[in-house]
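[1] Pasting the sequence and the predicted coordinates here, then a few questions.
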Amino acid sequence: MMELAIDDKIFESFIDYELIEKRIRVLAIQINVDYENKTPMIIGVLNGSFIFMADLMKALEISCEVAFLKVSSYQDMQSTGKIKEEYVLNTNIENRDIILIEDIIDTGNTLDYLINKLKTKNPASIKVASLLLKPDALQKEIDEIAYVGFEIANDFVVGYGLDYNGLGRNTKNIYRLKT
Ligand code: IMP
Ligand code: MG
């Protein structure tokens, strides 16, 4: 599929699944090395991260646990800046090594908020793995960002878990808004 139509928008093919898969294998090797002899708690930030998280976890060989939380800040194609917690973490993370899984880091506001919140629960460490990062959109300095699949320009993307108004998550490839 070369193009994808959602509502009134047309998206074009951007990152193929073959490339995503290869990149995830490299990230997983790094995590396997960094967390050897540890049992991290891998926390998925719903909804967008679920497909990336599943593929990444299948490539991990370390012992690990999973948990989820859910926040939202996006409406249409714009971050609202206000973060809404839809689903809070109800797992004890004290003294645990946390790997937070994101689909995409845009302004970084969501991540900054989440990291500060998780830190109050005294984990041993927090690192972030994100499939995508928009460096030109980033407004915060976040030292915890450790594993990034692809750095991309400030374009709106969908697919492979990412949505436009709730739609378009169920594609293998990642698509970008056609201008
Ligand atoms: P931030 O707080 O601005 O970093 O926004 C992070 C969240 O916004 C991500 O977890 C996504 O859910 C959403 N988001 C940001 N950019 C995109 C995009 O290009 N496509 C789909 N969702 C996006
Ligand atoms: Mg998200």
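    Right, received. Where do you want to start? Ligands and ions are numbered 1, 2, ... in the order given.

[2] in the chain, which segments are predicted with low confidence?
    The model of the chain has pLDDT under 70 over residues 74-76.

[3] again, 80 this time
    1, 73-81 (pLDDT under 80).

[4] can you list the residues of it near ligand 1?
    Residues of the chain found near ligand 1 (C-beta under 6 Å from any ligand atom) are 48, 73-74, 79, 102-111, 156-158, 162-163. Using the backbone N, CA and C atoms, a C-beta is placed for each residue, glycine as well.

[5] how does it look with 8 Å?
    The interface of the chain toward ligand 1, taken as C-beta under 8 Å from any ligand atom, is made up of 45, 47-49, 71-74, 77, 79, 83, 102-113, 132, 134, 137-139, 155-158, 162-164.

[6] any idea which helix or strand carries the residue nearest the centre of the chain?
    The centre of the chain sits closest to E102, judged by C-alpha atoms, centre = their mean, with a distance of 1.6 Å. Assigned by DSSP states H and E, E102 belongs to strand 97-105.

[7] follow-up on the earlier one: list the ones among the residues of the chain next to ligand 1 that fall in strands.
    Using DSSP state E, the members of those that fall in strands are 45, 71-74, 79, 83, 102-105, 132, 157-158.

[8] Can you say which of the residues you listed are buried?
    Buried subset of these (neighbour count, 16 or more other C-beta atoms under 10 Å): 45, 71-74, 79, 83, 102-105, 132, 157-158.

[9] thinking again about what came up before, OK, contacts around the closest residue to the residue nearest to the centre of the chain other than its chain neighbours?
    Leaving out its chain neighbours, the residue that sits closest to E102 by C-beta to C-beta, 6 or more residues apart in numbering is S130, at 4.0 Å. Each residue near S130 by C-beta atoms under 8 Å, 6 or more residues apart in numbering is listed here: 101-105, 111, 145, 147-149.

[10] and S130, what element?
    Counting by DSSP H and E, S130 is found in strand 125-133.

[11] What strands line up against that strand, and which way round?
    strand 97-105 (parallel), strand 145-151 (parallel) (DSSP bridges).

[12] hmm, back to that, now the residue nearest to E102: how far from R23?
    Counting by C-beta to C-beta, to the nearest Å, the separation of S130 from R23 is 12 Å.
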